[in-house]
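In: Coordinates only, no sequence provided:
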């Protein structure tokens, strides 16, 4: 069997079957279709086409396939009908579950984490971002090496041929651990350099505002609207991964706005840890600008995901957070008023804004300037 690997953006486009397996009694059951919609957008960002989807509510993950054997059989029959070439699970699979599913289905099986890692590898541009993604991929791969080398383990006995599978496996493990050590050291050096840059910026009297938010909430568009500087904008999940900073003057104050990588539901914690530049910018900023796509039907849940991530990072509540309810131009007057009321009722300092039409931009600048004061 061939080793598992990330999706390659190749001329032959992968056709994927999406599988959702929420736990019985969890809140995810009611929004399983919406979660698969998001997984479909992730697959599209990775360059794949969605052929179909399957959902099974599980009491608890089965140790062999995560889902039930009957559902695996159903997926087998669907693969031929739909012409699917790969299966993507919305849940995280253990190495054993991934191996068993691939053996049973006779094609590649990926989980949500692996798909996100692939997108990050595809979208990373700066040297630091590439190192961070490579480190996360190596840490993901290390416990899965055994099944990548299962074909070699069949070679047994004979002088000079005793256990070459195990020998190669251990060699690869040692190489990966060494590479992890090298990357960790290099990223520490980059982080130290970034600290020095931030210190010099503070000495110049430049205030720092970090834009945080759910992926595709419009952070890059808002950065462009606030500073007038160009920024990469694309209507896809994780369109930008590299931290971008632009300086502008707001109400007589020199402010450095920094766009950070978007967050998402079930973003792997080890990947968040590796994308330390985003968390460092957020932790060290004078004010956080939480950008929310207020036109999204699930905007409150998306905002909650970001809030939880900020809390885990150690941020001190809402003392220095301004919420930009972006894409307000997509709503009618009644919906705008309703959603602003919900945000204010939650205790947020919220402003309705549109990066596209620039409506509410002056009010947002005033709110940010007030927080900085």
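Out: Received, thanks. Please read all numbers here as calculations on a predicted model, not as lab measurements.
In: which residues of the stretch 51-200 of the chain fall in strands?
Out: 86-89, 108-110 (DSSP state E, counting those that start in this stretch).
In: By mean pLDDT, show me the worst of those.
Out: Sorting the strands of the stretch 51-200 of the chain by mean pLDDT places strand 108-110 lowest, at a mean of 90.
In: mind listing what it pairs with, with the direction of each?
Out: Sheet pairing of strand 108-110 (DSSP bridges) gives strand 86-89 (parallel).
In: and residue 127, how many neighbours does it have?
Out: 11 (other Cβ atoms under 10 Å). All C-beta atoms are positioned from the backbone trio N, CA, C, and that covers glycine.
In: Also residue 227?
Out: For residue 227, using other Cβ under 10 Å, the count is 19.
In: Stretch 297-312: how far from the chain's middle?
Out: Here stretch 297-312 shows a centroid-to-chain-centroid distance of 13 Å under the convention Cα atoms, centre = their mean, to the nearest Å.
In: Would you mind checking the average pLDDT for that stretch?
Out: pLDDT averaged over stretch 297-312 gives 87.
In: The stretch 101-250 of the chain: helices as residue ranges?
Out: Per DSSP state H, counting those that start in this stretch, the stretch 101-250 of the chain carries helices over the ranges 112-123, 127-141, 145-148, 164-203, 219-227.
In: and of these, who's closest to residue 74?
Out: helix 112-123 (20.6 Å; Cβ to Cβ).
In: least trustworthy helix or strand in the chain by mean pLDDT?
Out: Counting by mean pLDDT, DSSP states H and E, the weakest-scoring helix or strand in the chain turns out to be helix 145-148, with a mean of 57.
In: Check the separation of the first and last residues in stretch 73-89.
Out: Taking Cα to Cα, to the nearest Å, stretch 73-89 runs 16 Å from one end to the other.
In: Give the buried residues for it.
Out: By 16 or more other Cβ atoms under 10 Å, the buried positions in stretch 73-89 come out as 75, 78-79, 82, 84-89.
In: any idea how far the closest residue to residue 326 other than its chain neighbours lies from residue 355?
Out: Among residues not flanking residue 326 along the chain, residue 218 sits closest, at 4.4 Å (Cβ to Cβ, 6 or more residues apart in numbering). When distance is defined by Cβ to Cβ, to the nearest Å, residue 218 is 5 Å away from residue 355.
In: Please convert the strands of the stretch 51-200 of the chain to JSON lines, extending it with distance to residue 185.
Out: Formatted as JSON lines, these follow (distance: least, Cβ to Cβ, whole Å):
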{"stretch": "strand 86-89", "distance to residue 185": "34"}
{"stretch": "strand 108-110", "distance to residue 185": "30"}
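In: Provide a list of residues in contact with residue 218.
Out: 291, 293, 326-327, 355 (Cβ atoms under 8 Å, 6 or more residues apart in numbering).
In: out of those residues, what pair is the most spread apart?
Out: Most distant of the contacts of residue 218, by Cβ to Cβ, are 293 and 355, 10.6 Å apart.
In: Now for the two: what residues contact both?
Out: Looking at what touches both residue 293 and residue 355 (by Cβ under 8 Å, 6+ apart), the common residues are 218, 326-327.
In: from the residues you listed, which ones fall inside strands?
Out: residue 326 (DSSP state E).
In: Just read off the phi/psi values of the residue nearest to residue 326.
Out: phi 100, psi 30 (degrees, to the nearest 10).
In: and the gap between residue 220 and residue 284?
Out: Residue 220 is 21 Å from residue 284, by Cβ to Cβ.
In: and these two? which has more neighbours close in?
Out: residue 220 (22 against 16).
In: surely the more buried one meets residue 258?
Out: No - the criterion here is Cβ atoms under 8 Å, and residue 220 misses it with residue 258 at 11.5 Å.
In: anything in contact with each of those two?
Out: What both residue 220 and residue 258 touch, as defined by Cβ under 8 Å, 6+ apart, is the set residue 244.
In: so where's this structure uncertain?
Out: 1-12, 145-168, 198-199, 201-205, 230-243, 268-282, 313, 315-319 (pLDDT under 70).
In: mind giving me the domain ranges of it?
Out: 15-110, 124-184, 205-372 (automatic domain parsing).
In: between those, which one is nearest to residue 197?
Out: domain 205-372 (9.6 Å).
In: which residues does residue 301 contact?
Out: 31, 265.
In: Now it: phi and psi?
Out: phi -70, psi -40.
In: State the distance from the residue nearest to residue 326 to residue 354.
Out: 9 Å.
In: what do you get for residue 173?
Out: 51 Å.
In: Give me the more crowded residue out of those two.
Out: residue 354 (23 against 16).
In: Determine the three-state secondary structure at that one.
Out: Here residue 354 is coil, with the state taken from DSSP: H, G, I helix; E, B strand; the rest coil.
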